[in-house]
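Q: Give me a 3D structure for the following:
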Amino acid sequence: PIQRKTTKNAIWLMEDAFFTRETVKRLNISKSTLARIRFENKENMEEDNGGRSRKLTVETVEHLKLNMKREVLRTSINAIKESNRLLPQPVSVTTVRRRLREAD
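A: You can find the predicted model right below:
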C-alpha cells in the first residue's frame with residue numbers, strides 16, 4: 001500500500017511538470033509505483049501533452065490578436081515588440097506570425 005503523503009507529493013510533483021525520473025528520485029519510489037499513482041488519480045490531474053512548451057502563451061496571442069483588431073498594433077513588427085515587452089524571452093517574427101495564423 002502506498003502512503004497517502006507519498007501519493008499527494010507524487011501528484012503535486014507531476015502537476016508541477018517534473019519528469020518521471022525526477023519524481024521517482026525525489027520520493028524514493030519505483031517507476032511502477034509512480035505509474036500506479038498516475039493511473040489511479042488521472043481524472044484529478046491535468047493531462048500533459050509533453051513536448052516542448054510554446055514561447056507564446058495563449059493569453060499573449062489573444063492580447064496581440066485583440067490589439068491588432070483594435071488597430072493599436074498595425075503590423076507584425078509592432079506585435080513582436082509588444083510580445084517581447086510582455087514575455088521574459090524574445091520571440092521571432094516567424095513565431096508571432098505563425099501563432100497569429102493558428103489563432104484565427
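
Q: Low-confidence stretches in this structure?
A: Applying pLDDT under 70 to the chain flags residues 46-49.

Q: All the helices of it, residue numbers only.
A: Secondary structure of the chain by DSSP state H: the helices cover 4-15, 20-27, 31-40, 58-69, 76-86, 93-103.

Q: Redo the ones you listed as CSV? Include mean neighbour count and distance to residue 51.
A: Any C-beta I mention is one placed from the backbone N, CA and C, and that applies to glycine too. Formatted as CSV, the helices of the chain follow (neighbours: other C-beta atoms under 10 Å; distance: least, C-beta to C-beta, whole Å):
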stretch, mean neighbour count, distance to residue 51
helix 4-15, 15, 16
helix 20-27, 15, 15
helix 31-40, 14, 18
helix 58-69, 15, 16
helix 76-86, 16, 21
helix 93-103, 14, 15
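
Q: To residue 50, which of these lies closest?
A: helix 20-27 (11.1 Å; C-beta to C-beta).

Q: Need the contact partners of the closest one.
A: 6, 9, 10, 13, 14, 18, 30, 31, 34 (C-beta atoms under 8 Å, 6 or more residues apart in numbering).

Q: Tell me how far the first one lies from residue 36.
A: It refers to residue 6. 11 Å (C-beta to C-beta, to the nearest Å).

Q: Show me this protein divided up by domain.
A: With domains defined by automatic domain parsing, the chain comprises 4-44, 58-103.

Q: I'd like those laid out as JSON lines, including distance to residue 52.
A: As requested, those are exported to JSON lines (distance: least, C-beta to C-beta, whole Å):
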{"stretch": "domain 4-44", "distance to residue 52": "12"}
{"stretch": "domain 58-103", "distance to residue 52": "12"}
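
Q: wait, what's in contact with residue 77?
A: So residue 77 contacts residue 93 (C-beta under 8 Å, 6+ apart).

Q: Now for the residue nearest to residue 29 when sequence neighbours are not counted: which residues touch it?
A: With sequence-adjacent residues excluded and distances taken as C-beta to C-beta, 6 or more residues apart in numbering, residue 29 is closest to residue 6, at 6.5 Å. Counting by C-beta under 8 Å, 6+ apart, residue 6 touches 27, 29, 37.
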